[in-house]
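Asker: Here is a sequence together with a model predicted from it:
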Amino acid sequence: MNVVLSAEDISRALTRISHEILERNHGSTNVAILGIPTRGAHLALRVAEIMAKIEGTNIPCGTLDITLHRDDLRLRPPRAIMPTLIPQSGIEGRDVVLIDDVLFSGRTIRSALDALGEVGRPKTVQLAVLVDRGHRELPIKADFVGKNLPSSLDQSVRVSLTEIDGRDEVVIESRKQP
Amino acid sequence: MSSKYILKSVVLPNGDKRDIAIEDGFISAVSQNIAPTSHVVIDTKGSRVLPGLVDLHTHLREPGREDAETVLTGSRAGAKGGFTALSAMANTSPVADTAGVVEQVYRLGQDAGYLDVFPIGAVTKGLVGESLSEIGAMADSIARVRIFSDDGNCVFDPLLMRRALEYVKKFGGVIAQHAQDPRLTVGSQMNEGEISARLGLKGWPAVAEEAIIARDVLLADHVKSRLHICHVTTAGGVEIIRWAKQRGIDVTAEVTPHHLLLTDELTTSYDPIFKVNPPLRTSDDVHALREALAEGVIDIVATDHAPHPVESKECEWQEASFGMLGLETALSIVQKTMVETQLMTWEQVADRMSLAPARIGGYKNQGQEIAVGSAANLVVIDPSKNWQVDRDLTMSKATNTPYHGLTLPGVITHTFYEGRATVIDSVVQKIGDV
Amino acid sequence: MKHLLSIADLNLQEAIGILDTATELSRINDGQIKKLPTLRGRTVVNLFAEDSTRTRISFEAAAKRLSADVINFSAKGSSISKGESLKDTAMTLQAMGADAVVIRHSASGAAQRLADNQWMSGAVINAGDGTHEHPSQALLDAFTIRKHLGKGSSDLQGLHVAIVGDILHSRVARSNVLLLALLGAKVTLVAPPTLLPIGIKKWPCAVSYDFDSVLPYVDAVMMLRVQQERMTELFFPNAREYSRYYGLNAERMRTLKPAALIMHPGPMNRGLEISAEVADSARSVITEQVSNGVSVRMAILYVLLAGSSLDVGSF
Ligand SMILES: [Zn+2]
């Protein structure tokens, strides 16, 4: 087991991502943040909070559950559906930033794009992730990355967040033999 | 096939170990160490012998439903279960309400040759409860019918019941009542109680049975005739019969093996293999029935063997037919529920399953003590061995046994009917040229 | 969970899981989204051996919103009404590759028979079997009550529900008693003694013959349909007398708590168990029950079909 991001590293990465989002979108006026449950939703709140501090204004922030749009439902046990909470201002014509903890195969993001399409038609959709571990199976790439983390397929990347796990940390570990 | 046998070291109902010699259809000797001459010697190694079992309640389905059972297949199932006499219920098609039908069934039994088949005559024409059938003609026929029953239906009209009870006094007959008030059981599916309430199946109240028993013992008392109550299933019914016997009323009663073992809990599977008329009741009822049988308040065990084709059971509960197989498992169930619980001795088993039913039916050469000169109707059972019920191995044409997969005590190794071995080493023999 | 046959098979966690899933789905249903891809490629068969247009339509809408293929097998003109056995029907469905069978049948236990035998391998959803159970109706009733009176809690602790009418023949009552008790609500059944089953003592509820004494204390009152043929079967003298003692009319409605809900699984006999004024009143959530039905049935299909079939019971 190997700690690749400490609490301080995570905090710094999120601050940097917040700045990058504001820079890319020339401020916050048209931005809406949507986190993908569970951990992405908490990261989204943190990013929105940082941006709000910088900008001195509220940033619309919500969650987008993708469970019903997954293409791997038959492969795993039934999952509980998490709330999808779209900000009051909606996403129509907005620059929507999706936030997730780990970018891996890209299938979660594909499902998220499908789910988003059901909610409305944003001007742009951007993607921010805390960790990009590679091994994409779809033509998807992140716009904002906390840390690029080259990993092998027999490793697993585990993100812990204070809100759920009691502390902030990203570790990489060898998968246990089945 | 020899007709001379010696059963070596066999345990009599009273517990004595003896040898039994069988010759020309009769028991020729019962003593220690009989020396064989031209006998086939069967070393029973301490198995038990009982007088051949007598069933007062069998549905043989012939004529009319030969797809479910015939007199021949039912006779083989009976032999396999240790029976030497069966009583064929009247609810065939055509109904056994004339001398012609009962004689036909009687002859089919003789032709099969595995055991005595005594037809039961219908009380009412067509079993519909409106007018008396030709009771006298059936009694005088070669079948010598003595038991009359509308089984499947209750003789509900009290005046008709009274007349029937009176009428059979002429030749010492008996009316065997299927006690079920039809108005209280319209569409009924199972015992009415906690489980029927939960399952949403229409209830069959105990009172529907008990009310008829109460009425009929009073009628039998009034006209001083003989009444037999088929398949008693409730603790309340037992109490009424006990009361009637204390009053000196001439009533006898039967209980089925399945009502001694199974309860309405089994209905929760909705598997109609457990659907039977009268229905399975509660464990309180089961215990009351066992005690009553041990005490003699209930006189006999009768199987109510009711074969049905597969499609009658492979369906929804409410669509399914009532009834279950019983002949091949009866003695094992009685051993399990009555002997192994120490409620009854084997001597009492012999009484409840052979002597008493033969007495009630007036069956000649059946239900005799095991003694020199008695007809050689015998069953040998090894109570120390177990067997597993397999519906695919029934001798009966049907497979609707509720005990499939269950391990039961008591393996029947031999059955003798009129001195001939119908079962040897648990295998049913070929009799005659069928 | 492989099948939904009886509320008795659910534990608290599973019941709440279905209600929570339904809550999320109803949020989606309230929005613009008409169709989710979740069950694309799955086949759901509606096997309705007894007429019930409303339940069939509700399940059909639920399955279609999740993109399942739906095949309707209904009573009139189908093989089931021509005496084909349940077994043969099941084997036909198996051959069609049904992933789930939603069965409505007049025989109690028909759904369980279908699930217990090896006739077919799909999930079985009981959409009402005889006078036994109607689990999806109970779930949508609980969903409706929780939405209005749940105050954000996941169960129904502290609430008191009266179920009124023909309990004896009601599959809705059986499922509701079990589910409401599981969710922590107090239940009182109200009916004339003739319409209560013998053996009700073990049910997790109270029983009363007196409607008026119960009404002021309940948070929801669920009226059951009373069928006309019960009169010829001697359960009560006539409609007028039934109505007088057990009908919910405007006068009785006034004795209810201000926030109490009025429910009915439908179809209603206006003027018999419920007056038109009550059915159409502001407290009545009867039409809402119908729309909640779709979300709840989507949740049931999701829980039974969306996961891998190897997994049992976890949520
Ligand atoms: Zn009978």
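Answerer: That came through, no problem. Source: prediction; values computed, not measured.
Asker: from what I can see B:Thr263 touches B:Asp284, true?
Answerer: No. If you go by CB atoms under 8 Å, B:Thr263 and B:Asp284 don't touch, sitting 9.2 Å apart. To be clear about C-beta, it is placed using only N, CA and C from the backbone, and glycine gets the same treatment.
Asker: So between those two, which is more surrounded?
Answerer: Applying other CB atoms under 10 Å in any protein chain shown to B:Thr263 and B:Asp284 shows that B:Thr263 carries more neighbours, namely 17 against 11.
Asker: so where do the helices sit in the stretch 201-350 of chain B?
Answerer: B:206-223, B:235-246, B:257-261, B:283-295, B:330-334, B:346-350 (DSSP state H, counting those that start in this stretch).
Asker: my bad, the stretch 1-150 of chain C
Answerer: Here the stretch 1-150 of chain C has its helices, by DSSP H, counting those that start in this stretch, at C:12-30, C:53-65, C:86-96, C:110-116, C:135-149.
Asker: Looking at those helices, which is nearest to the ion?
Answerer: Between the ion and the helices of the stretch 1-150 of chain C, the tightest spacing by CB to the ion is seen for helix C:110-116, at 25.5 Å.
Asker: Quick check: buried residues in the closest one?
Answerer: Residues of helix C:110-116 classed as buried: C:Ala110, C:Ala111, C:Gln112, C:Arg113, C:Leu114, C:Ala115 (neighbour count, 16 or more other CB atoms under 10 Å in any protein chain shown).
Asker: Could you do stretch A:73-90 as well?
Answerer: The neighbour-count check on stretch A:73-90 (16+ other CB under 10 Å) flags A:Leu73, A:Pro78, A:Arg79, A:Ile81, A:Met82, A:Thr84, A:Ile86, A:Pro87 as buried.
Asker: now do stretch B:175-185
Answerer: By 16+ other CB under 10 Å, the buried positions in stretch B:175-185 come out as B:Ile175, B:Ala176, B:Gln177, B:His178, B:Ala179, B:Gln180, B:Asp181, B:Leu184, B:Thr185.
Asker: Which pLDDT value does the model give the first one?
Answerer: If I follow you right, that is B:Ile175. You'll see B:Ile175 listed with a pLDDT of 98.
Asker: That one and B:Thr233, how far apart?
Answerer: Separation of B:Ile175 from B:Thr233 (CB to CB, to the nearest Å): 19 Å.
Asker: what do you get for the third one?
Answerer: According to CB to CB, B:Gln177 and B:Thr233 sit 13 Å apart.
Asker: re earlier: tabulate the buried residues of helix C:110-116 (TSV), appending pLDDT.
Answerer: As requested, the buried residues of helix C:110-116 are exported to TSV (pLDDT from 0 to 100):
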residue	pLDDT
C:Ala110	94
C:Ala111	96
C:Gln112	96
C:Arg113	94
C:Leu114	93
C:Ala115	94
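Asker: Which of these sits closest to chain A?
Answerer: C:Ala115 (18.2 Å; CB to the nearest CB).
Asker: and that closest one, what does it touch?
Answerer: Residues in contact with C:Ala115, defined by CB atoms under 8 Å, 6 or more residues apart in numbering or on different chains, are C:Lys2, C:His3, C:Leu5, C:Val124.
Asker: Next, give me the two most distant ones among the residues you listed.
Answerer: Largest separation among the contacts of C:Ala115 by CB to CB: C:Lys2 and C:Leu5, giving 9.5 Å.
Asker: list the contacts for B:Ala356?
Answerer: By CB under 8 Å, 6+ apart, B:Ala356 lies in contact with B:Thr252, B:Asp299, B:Ile300, B:Gly367.
Asker: wait, which of these is closest to chain A?
Answerer: Among these, B:Ile300 lies closest to chain A (CB to the nearest CB), at 57.1 Å.
Asker: Pull the number of nearby residues for that closest one.
Answerer: 27.
Asker: Can you flag which of the buried residues of stretch B:175-185 belong to strands?
Answerer: Among the buried residues of stretch B:175-185, the members found in strands (DSSP state E) are B:Ile175, B:Ala176, B:Gln177.
Asker: And the residue of the stretch 101-250 of chain C that's closest to the ion?
Answerer: Closest point on the stretch 101-250 of chain C to the ion, by CB to the ion, is C:Ile198, at 23.0 Å.
Asker: these two touch, right, that residue and B:Ala206?
Answerer: No. Assessed by CB under 8 Å, C:Ile198 is found out of contact with B:Ala206, at 10.1 Å.
Asker: who's more crowded, the two?
Answerer: B:Ala206 (22 against 14).
Asker: where does chain A have low pLDDT?
Answerer: By pLDDT under 70, the weakly predicted segments of chain A are A:74-78, A:176-178.
Asker: hey, where'd the helices end up in it?
Answerer: Taking DSSP state H as the criterion, chain A carries its helices at A:7-24, A:39-55, A:107-119, A:162-165.
Asker: out of everything not next to it in sequence, what's closest to B:Pro278?
Answerer: B:Thr233 (4.6 Å; CB to CB, 6 or more residues apart in numbering or on different chains).
Asker: who touches the one you found in this structure?
Answerer: B:Ala206, B:Glu209, B:Val255, B:His259, B:Pro278, B:Pro279, B:Leu280, B:Arg281, B:Asp285, B:Leu289.
Asker: From B:Ile213, how far off is the fifth one?
Answerer: In this structure, B:Pro278 lies at 11 Å from B:Ile213, with CB to CB as the measure.
Asker: if I look at the two, which residues touch both of them?
Answerer: Taking CB under 8 Å, 6+ apart as the contact rule, the neighbours common to B:Pro278 and B:Ile213 are B:Ala179.
Asker: residue in the stretch 201-350 of chain B nearest to the ion?
Answerer: Closest point on the stretch 201-350 of chain B to the ion, by CB to the ion, is B:Cys230, at 5.0 Å.
Asker: Just the CA trace of the host helix or strand of B:Lys8, in CSV.
Answerer: Using DSSP states H and E, B:Lys8 maps to strand B:4-11. Taking C-alpha atoms only, strand B:4-11 is exported to CSV below (Å, rounded to 0.1, in the frame of the first residue of the first chain):
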residue,chain,number,x,y,z
LYS,B,4,-45.4,-73.8,2.0
TYR,B,5,-43.3,-71.4,4.0
ILE,B,6,-41.6,-71.2,7.3
LEU,B,7,-41.0,-67.8,8.8
LYS,B,8,-37.9,-68.3,11.0
SER,B,9,-37.4,-66.3,14.3
VAL,B,10,-40.1,-63.8,13.7
VAL,B,11,-41.4,-61.6,16.5
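Asker: Tell me which other helices or strands it touches.
Answerer: strand B:17-23, strand B:40-43, strand B:48-51, strand B:378-388 (3 or more CB pairs under 8 Å, 6 or more residues apart in numbering or on different chains; DSSP states H and E).
Asker: before we move on, the earlier item: mind giving me TSV with the helices of chain A and columns for mean neighbour count?
Answerer: Listed next are the helices of chain A as TSV, based on neighbours: other CB atoms under 10 Å in any protein chain shown:
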stretch	mean neighbour count
helix A:7-24	17
helix A:39-55	21
helix A:107-119	19
helix A:162-165	13
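Asker: Contacts only, for the residue nearest to B:Val217 when sequence neighbours are not counted.
Answerer: Closest residue to B:Val217 apart from its sequence neighbours, by CB to CB, 6+ apart: B:Ala244 at 3.9 Å. Residues in contact with B:Ala244 (CB under 8 Å, 6+ apart) are B:Val217, B:Ala220, B:Asp221, B:Val251.
Asker: Please report how far the residue of the stretch 51-200 of chain C found nearest chain A lies from C:Pro135.
Answerer: Residue of the stretch 51-200 of chain C nearest chain A, by CB to the nearest CB: C:Leu66 (7.7 Å). Between C:Leu66 and C:Pro135 the computed distance is 19 Å (CB to CB).
Asker: Cool, thanks, talk later.
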